[in-house]
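Chemist: here's a sequence, model it:
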Amino acid sequence: MPVCSRLAAAAAASDPRAEPPRAGARLIVAVVPLETPFRDLYPASKVIRPIALPLDESTIVLDNTTDPRFSAWRLSDDPSRLPVCKKIVIYRLEHVVGWGGSLHFLHLRGSCRSERRHTYAERLGAVLLVNNDNWIYGRYEYYCEPYTIDCVPPSGWYDETLASRIGSEGWEQADRIVMNFDDSEAMDNLEQKLFLDGEIDGLRRLYDLEFGGRTPPSVLPAPETLPPPMSSFYAHAKTVQRLWKPVPEIWADIERVKAMMGIGGEYPTIAAQVRLGDKVREFNASIDVVNVQNSFGNLTAHLELMHDLYDRLVDSPSSPKPWYPLSSKARRFPRNKQPRAIIMTAEDDVLDKMASDPIASPSQYDRPPALNVPQPASFKQATFIQMGMESRVAHTRGLVRDIFIMAKEADAAVLTMGSNLGRLALLLGGADSALGPVDSEGEHVGGRMRALDAWFFFKPWAVQMWEAIGIQDDGHHHMIHPTRA
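Modeler: You can find the predicted model right below:
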């Protein structure tokens, strides 16, 4: 056995603080290079879980009625006691749009400036109606509890030929308005007016900070996960937290996984979203607009953030810099509690790669149990569409579970803002999770949720935030040579 392997094994075997692997799982100790110091004598390790039984599709109950369009909501009372909706906004969950994109788009259509406390639809005096009759994920209510409305939709409410599209002449006065994914340009114009026109100065300050001559960092600094110009975040977060109510099946799975992995127990848990697969374009577009020097698939960058978060969870941090807890309510841990790295990913090889990274110590690496369904080793939307609906629903419920665990249950989390899922998780976690406490100068130092690649943005592409101050991209969502407008 090599010397470094013997040292790693000896440290794990002789340290009385080390926790044995849980039932049904094997603990594999990684080989750590000699020049890498063991933090608190803990070598990096990973948990290997047994392969799950094949999915029993009979456990996935689907509603196969011929008209599913009425299921995304419930009436608040008997129809005879409710008026007919006078004005409606129709949003169709698109067949080819990803789950995160669909839900993120829906939630943004349900937001407006926070001081008004109304949704876009409510601002127009309308009720938002979701049409989910042709969604690759099935139906909205397979994942979230149906929302309630206080009026009865008019007959044929889903017929878009009877409605005016947002941005068309006189659309604001129409009784039926369509706001679909393919209306993005018109929605961008509305969002510009509602959110960004009042934040030009803040965006200029942020631009000067990131492109004003500082050395490009390898990861986004903690205070920039939610920078000051993003005041609209509060409105979006309120809408997401109101609409996102997981169904009982997902709640039960959240509790099952928490117990299985020790989340919320005596050891610090740091979740990390690793979204690879077909997301290279989104990732590159995100880091370009915040001047971060990173590359797609660089897992060491995730570990950098996880180490920073871990140092803020323990009583005796290793960093010489001023120390701040993640929040006033954050749990604190002694150094003899080995951190658990909970890797949220659809990539089969990520757990091995992270656990064997030169800076992987001192965490024990684990991954929530995946479904035993036929799927590629790396997530691709085109392949997902070919799966049966029961498998798609089961797979997506696991995704919703993981997002909720990152947002609400783990002690800390690393997110990818280039992914709609990362932005949804941050919205669920709320502003305090991103901002954290303030330093001696009254500036926020960052909270329990850290962005890897870009700050939060509510447009389809991060570069569109810069367009509010006259900075354009090169036509491919890249900002190659940004200049001050």
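Chemist: contacts for stretch 80-91?
Modeler: 75-76, 105-106, 109, 120-121, 124-131, 149-154, 157-158, 160, 163, 174-180 (C-beta atoms under 8 Å, 6 or more residues apart in numbering). Every C-beta, even on glycine, is put in place using the N, C-alpha and C of the backbone.
Chemist: rerun at 7 Å
Modeler: Contacts with stretch 80-91, where a contact means C-beta atoms under 7 Å, 6 or more residues apart in numbering, come from 75, 106, 109, 121, 124-131, 150-154, 157-158, 160, 163, 175-180.
Chemist: give me the element Tyr158 is part of.
Modeler: Under DSSP states H and E, no helix or strand contains Tyr158.
Chemist: just to check, it is in contact with Asn131?
Modeler: Yes - with contact taken as C-beta atoms under 7 Å, Tyr158 and Asn131 are classed as touching, separated by 4.8 Å.
Chemist: among the contacts of stretch 80-91, name the buried ones.
Modeler: Neighbour counting with 16 or more other C-beta atoms under 10 Å marks 75, 106, 109, 121, 124, 126-131, 151-154, 157-158, 163, 176-180 as buried within those.
Chemist: the closest residue to Ala462 other than its chain neighbours: neighbour count?
Modeler: Using C-beta to C-beta, 6 or more residues apart in numbering and skipping residues adjacent in sequence, the residue nearest Ala462 is Val289, 4.6 Å away. The burial count assigned to Val289 is 26, neighbours taken as other C-beta atoms under 10 Å.
Chemist: quick check: Val289 vs Trp461, distance?
Modeler: Taking C-beta to C-beta, to the nearest Å as the measure, Val289 falls 8 Å from Trp461.
Chemist: ok, then the element right after the strand or helix carrying Arg281?
Modeler: Remark: Arg281 resides in helix 280-290, with elements defined by DSSP H and E. For helix 280-290, the succeeding helix or strand toward the C-terminus, using DSSP H and E, is helix 299-311.
Chemist: and stretch 199-207, what's buried?
Modeler: Glu199, Gly202, Leu203, Arg204, Leu206, Tyr207.
Chemist: make sure Arg392 is indeed in a strand.
Modeler: No - using DSSP: H, G, I helix; E, B strand; the rest coil, the assignment for Arg392 is helix, not a strand.
Chemist: my read: it touches Tyr142, true?
Modeler: No - Arg392 lies out of contact with Tyr142 (C-beta under 7 Å); the separation is 9.4 Å.
Chemist: tell me which of these two has more neighbours.
Modeler: Tyr142 (24 against 21).
Chemist: for Ser363, which non-adjacent residue is spatially closest?
Modeler: Using C-beta to C-beta, 6+ apart, the nearest residue to Ser363 is Ala341, at 4.0 Å.
Chemist: sorry, slip of the keys, the one I care about is Ile254.
Modeler: That would be Arg401: by C-beta to C-beta, 6+ apart, it lies 5.3 Å from Ile254.
Chemist: ditto for Val438
Modeler: In space, Val438 is closest to His444, 5.6 Å off (C-beta to C-beta, 6+ apart).
Chemist: what sits against that neighbour?
Modeler: When contacts are counted by C-beta under 7 Å, 6+ apart, His444 touches Pro223, Leu435, Gly436, Val438.
Chemist: export the residues you listed to JSON lines and tack on neighbour count, secondary structure and distance to Ala259?
Modeler: Converted to JSON lines, the contacts of His444 look like this (neighbours: other C-beta atoms under 10 Å; DSSP: H, G, I helix; E, B strand; the rest coil; distance: C-beta to C-beta, whole Å):
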{"residue": "Pro223", "neighbour count": "20", "secondary structure": "helix", "distance to Ala259": "35"}
{"residue": "Leu435", "neighbour count": "22", "secondary structure": "helix", "distance to Ala259": "30"}
{"residue": "Gly436", "neighbour count": "25", "secondary structure": "coil", "distance to Ala259": "28"}
{"residue": "Val438", "neighbour count": "12", "secondary structure": "strand", "distance to Ala259": "35"}
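Chemist: okay if I get these as TSV plus distance to Thr269 and pLDDT?
Modeler: TSV is the format used below for those (distance: C-beta to C-beta, whole Å; pLDDT from 0 to 100):
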residue	distance to Thr269	pLDDT
Pro223	23	92
Leu435	21	95
Gly436	18	94
Val438	25	92
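Chemist: just the residues you listed now: which is nearest Asn64?
Modeler: Distance ranking of these against Asn64, using C-beta to C-beta, places Leu435 first at 45.2 Å.
Chemist: in this structure the closest one contacts Arg448, no?
Modeler: No - using C-beta under 7 Å, Leu435 makes no contact with Arg448, being 10.0 Å away.
Chemist: tell me the centre residue of this protein?
Modeler: Closest to where the C-alpha atoms of the chain average out (C-alpha atoms, centre = their mean) is Gly422, at 2.2 Å.
Chemist: and the nearest residue to that residue once chain neighbours are set aside, how far is that from Pro325?
Modeler: Nearest residue to Gly422 in three dimensions, chain neighbours excluded: Leu415, at 3.9 Å (C-beta to C-beta, 6+ apart). Leu415 is 19 Å from Pro325, where distance means C-beta to C-beta.
Chemist: and those two? Which one has more around it.
Modeler: Shown here are Leu415 and Pro325; by other C-beta under 10 Å, Leu415 has more neighbours (33 against 16).
Chemist: which ones are touching the more buried one?
Modeler: Leu415 touches Gln273, Gly422, Ala425, Leu426, Met449, Arg450, Ala451, Leu452, counting by C-beta under 7 Å, 6+ apart.
Chemist: please repeat the previous calculation with a cut-off of 10 Å.
Modeler: By C-beta atoms under 10 Å, 6 or more residues apart in numbering, the contact list for Leu415 reads 225, 271-273, 275, 302, 305, 344, 403, 406-407, 421-426, 429, 433-434, 449-454, 456.
Chemist: then Arg139?
Modeler: Arg139 makes contact with Leu62, Asp63, Pro68, Arg69, Ser71, Ala72, Leu93, Val130, Asn132, Asp133, Pro146, Val393, according to C-beta under 10 Å, 6+ apart.
Chemist: pretty sure the second one contacts Gly138?
Modeler: Yes - assessed by C-beta atoms under 10 Å, Asp63 is found in contact with Gly138 at 8.6 Å.
Chemist: please identify which of those two sits among more neighbours.
Modeler: Gly138 (19 against 10).
Chemist: average pLDDT across the helix or strand where Glu191 lies?
Modeler: Assigned by DSSP H and E, Glu191 belongs to helix 184-191. Helix 184-191 carries an average pLDDT of 75.
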